[in-house]
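Peer 1: Got a predicted structure here, sequence first:
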Amino acid sequence: MAMPAWLSDAVLYQIYPQSFADSNGDGIGDLPGIAEHLDYLAWLGVTTVWLNPCFVSPMRDAGYDVADYLKIDPRYGDSDDLAALADQARLRGIRLLLDLVPGHTSDTHPWFVASARDPGDHRYIWAVPGPDGRLPERFVRSPGSRQGGYLPNFFDFQPALNFGYARKKSDEPWRQDVTAEGPRANRAALRTIMDHWLGLGVSGFRVDMAFSLVKDDPGHAETARLWREARAWLDRAHPDAVLLSEWGDPAVAVPAGFHADFFLHFGGPANGRPLRSLWSNGIAPNLPEWGADDPCYFEADGRGNAEVFLSAYRDALAAIGEPGHIALPTANHDFARLHAGSRTSEQLPPAFAFLLTFPTLPAIYYGEEIGMRHLPGLPDTEGSISIASSFNRAGSRTPMQWDASPNAGFSVAPAARLYLPVDPDPQRPTVAGQRADQDSLLHLVKDLIALRRAHPELGPRGSLEILSDGYPLAYLRSGRFLVVVNPSGRARVLSHDRPELASVTPVKHIGVNVDQTTITAGPFSYGIFRL
């Protein structure tokens, strides 16, 4: 399968459109607002922007409950605004990706409304009550004239689209084969949706919950077959477009047909470890079974071990080979930001030094480049409280902080009308404030992006040699760059016997010194050196 060359050098930037920039003063971010800040994104150096869902939706789950895949929700603008945004971004060397939600729709989608009236429609998964009058577990009673109930994916208002079941059971007649009429129609619809938006200038899609389409699918074999079929079509019809997956397992997702998979958590049954986070213990507080209590490497107490991540990275890389990539995000709309809990702003530079010099595709969540905080205690907004626990995702979705004007420059609407409240801290970071400060996190991120783009050997195609997986973490990239990262709160010393390190040239560093036999790294330090 082909790999578009541009992806290997990409620096991704995720925008939650409700919260990025409001152009019309209604308190909600929109597509023209994003367009107004394209020059900023180009200045920063990002090459690819991923937008969370912006299709027509009742917004009971912030757009992940789609009511029309082929139209932009009016709160954001219209299809012309989307096409204009894609065109204006391309002129600045930035490609645009949309968020595709293939596993379920809103219960207001015309497909579902029709299916709830027609017993012969199988676009969704329907079951009838048993002899005791009860529906099977997890099924929700039909809202229409159709008898029985439907299977939701997450919230009850998100009916699962029917892509079939990998295994049949005689006592569960709703388990249709993947080749049945309903699953075939849904696979065809995926191509129609992608073709529509690619025709308007977007460059691909991030696919929500990509692993979840075919039900009861051991090893995801049938789901992988579905995506390889979609990828083969994409390679023929739109060879420069990409598919990125929310799968969380690149070793499976990339062979299944995706160009890259997001490595937000790692570990799991394949290597006998609980899933971990690289960045923070608090990144998945709603998923304690994922090992969230285990020490993470990028914490001030320095109790973590980078080898846990590195082992999972090596396993994934060995499985995917080329073409295919592992994407590593700072955070996203579902998890806590880098600046969360007890973490302070001085802990962020080592994280970005690692992110932008490691051979994964870097993905920056909007506002991370200035150190926006995760805000606890916000109201539930458009389904932001997870159905799994009380964790409120709204804390990662607050308005972008542009300047010191009211509402941090996000909107001219009254504060009470904003989609979510702005960080109330009077010392909150802003783009304008940090652009004026050459020593700011924003300028560091910009410089690191420029360094990465100027030297492809710092990207996925360059070699990696780990010198130390403790504190500090030290590695060589393509034999040309030494990277040292100490995210812990105390100084560390690493002995070495590499004569070539005695004469390295500093490129970007704070608190790291290299001499003939030792590498000394101060608290919360990083260093990038040219050999």
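Peer 2: Yes, it's here.
Peer 1: Nearest the middle, which residue of the chain would you pick?
Peer 2: Centroid-nearest residue in the chain: N332, 5.2 Å away (criterion: CA atoms, centre = their mean).
Peer 1: and the gap between that residue and Y366?
Peer 2: 10 Å (CB to CB, to the nearest Å). Every C-beta, even on glycine, is put in place using the N, C-alpha and C of the backbone.
Peer 1: Give me the common contacts of those two.
Peer 2: Q14 (CB atoms under 8 Å, 6 or more residues apart in numbering).
Peer 1: What's the separation between the residue nearest to the centre of the chain and I364?
Peer 2: For N332, the distance to I364 - CB to CB - is 10 Å.
Peer 1: and the nearest residue to G164 once chain neighbours are set aside, how many neighbours does it have?
Peer 2: Spatial nearest neighbour of G164, chain neighbours left out: V178 (3.4 Å); criterion: CB to CB, 6 or more residues apart in numbering. By other CB atoms under 10 Å, the residues close to V178 number 20.
Peer 1: so V178 makes contact with L226?
Peer 2: Yes: taking contacts as CB atoms under 8 Å, V178 lies within contact range of L226: 7.3 Å.
Peer 1: For the protein, name the helix or strand with the lowest mean pLDDT.
Peer 2: Ranked by mean pLDDT, DSSP states H and E, the weakest helix or strand in the chain is strand 273-277, scoring a mean of 62.
Peer 1: any idea which helix or strand comes after that one?
Peer 2: Proceeding N to C from strand 273-277, the next assigned helix or strand is helix 306-320, under DSSP states H and E.
Peer 1: Check which helices and strands that following helix sits against.
Peer 2: helix 250-253, strand 265-268, strand 273-277, strand 325-329 (3 or more CB pairs under 8 Å, 6 or more residues apart in numbering; DSSP states H and E).
Peer 1: I'd like to know which of the ones you listed has the weakest mean confidence.
Peer 2: For the helices and strands packed on helix 306-320, the bottom mean pLDDT is recorded on strand 273-277, which sits at a mean of 62.
Peer 1: okay, now the nearest residue to D334 once chain neighbours are set aside: neighbour count?
Peer 2: Distances taken as CB to CB, 6+ apart place R393 nearest to D334, at 5.5 Å, with adjacent residues excluded. Other residues within reach of R393, judged by other CB under 10 Å, total 22.
Peer 1: close enough to count as contact, R393 and R337?
Peer 2: No: using CB under 8 Å, R393 makes no contact with R337, being 10.9 Å away.
Peer 1: related to what we said a few turns ago, which neighbours do N332 and I364 have in common?
Peer 2: Common contacts of N332 and I364 (CB under 8 Å, 6+ apart): Q14.
Peer 1: Where does the residue lying closest to L100 once chain neighbours are set aside sit: helix, strand or coil?
Peer 2: Take L100 and drop its neighbours on the chain: the residue closest to it by CB to CB, 6+ apart is F205, 4.2 Å away. Classification of F205 by DSSP: H, G, I helix; E, B strand; the rest coil places it in strand.
Peer 1: Which strands or helices does whatever helix or strand V485 lives in pack on?
Peer 2: V485 is part of strand 481-486, with elements assigned from DSSP H and E. Helices and strands in packing contact with strand 481-486 are listed as helix 348-355, strand 473-477, strand 505-514, strand 518-530; criterion 3+ CB pairs under 8 Å, 6+ apart.
Peer 1: quick one: which of the ones you listed is nearest R314?
Peer 2: Of all the helices and strands packed on strand 481-486, the one in closest proximity to R314, counting by CB to CB, is strand 473-477 (12.5 Å).
Peer 1: tell me the angle the closest one makes with strand 505-514.
Peer 2: Interaxial angle of strand 473-477 relative to strand 505-514 (axes from the mean of the first three to the mean of the last three CA atoms, to 10 degrees): 150 degrees.
Peer 1: other SSEs contacting strand 473-477?
Peer 2: Packed next to strand 473-477, using 3+ CB pairs under 8 Å, 6+ apart, are strand 464-468, strand 481-486.
Peer 1: what's next to the last one, contact-wise?
Peer 2: Applying CB under 8 Å, 6+ apart, the set of residues contacting strand 481-486 from outside is 350, 353-354, 357-358, 455, 457-458, 467, 471-477, 492, 494, 501, 504, 507, 509, 511-512, 514, 519, 521-531.
Peer 1: make it 6 Å
Peer 2: Where contact means CB atoms under 6 Å, 6 or more residues apart in numbering, the residues beyond strand 481-486 that reach it are 350, 353-354, 357, 471-476, 492, 504, 512, 519, 521, 525-529.
Peer 1: try the shortest one
Peer 2: Residues outside strand 464-468 that contact it (CB under 6 Å, 6+ apart) are 359, 474-476, 494.
Peer 1: most neighbours, which of those?
Peer 2: Counting neighbours by other CB under 10 Å, A474 leads these with 26 neighbours.
Peer 1: Who does that residue form a beta bridge with?
Peer 2: When bridges are called by DSSP bridges, A474 pairs up with S468, V484.
Peer 1: For this protein, which segments count as helices?
Peer 2: Assignment of helices within the chain using DSSP state H yields the ranges 5-8, 31-36, 38-44, 79-91, 110-115, 181-199, 221-237, 250-253, 306-320, 348-355, 431-435, 441-454.
Peer 1: just flag whichever of those has the lowest average confidence.
Peer 2: Among the helices of the chain, helix 306-320 carries the lowest mean pLDDT, a mean of 90.
Peer 1: buried residues in that one?
Peer 2: For helix 306-320, the neighbour count (16 or more other CB atoms under 10 Å) marks 306, 308-313, 315-317, 319-320 as buried.
Peer 1: Also stretch 131-147?
Peer 2: By neighbour count on 16+ other CB under 10 Å, the buried set for stretch 131-147 is 135, 139-140, 142-143, 146.
Peer 1: Rebuild those as CSV, extending it with pLDDT.
Peer 2: As requested, the buried residues of stretch 131-147 are exported to CSV (pLDDT from 0 to 100):
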residue, pLDDT
L135, 97
F139, 98
V140, 98
S142, 98
P143, 97
R146, 98
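Peer 1: which one among the residues you listed gets closest to Q88?
Peer 2: P143 (41.4 Å).
Peer 1: residues in contact with the closest one?
Peer 2: With contacts defined as CB under 6 Å, 6+ apart, P143 is in contact with A116.
Peer 1: any idea how far D121 is from it?
Peer 2: Using CB to CB, P143 is found at 14 Å from D121.
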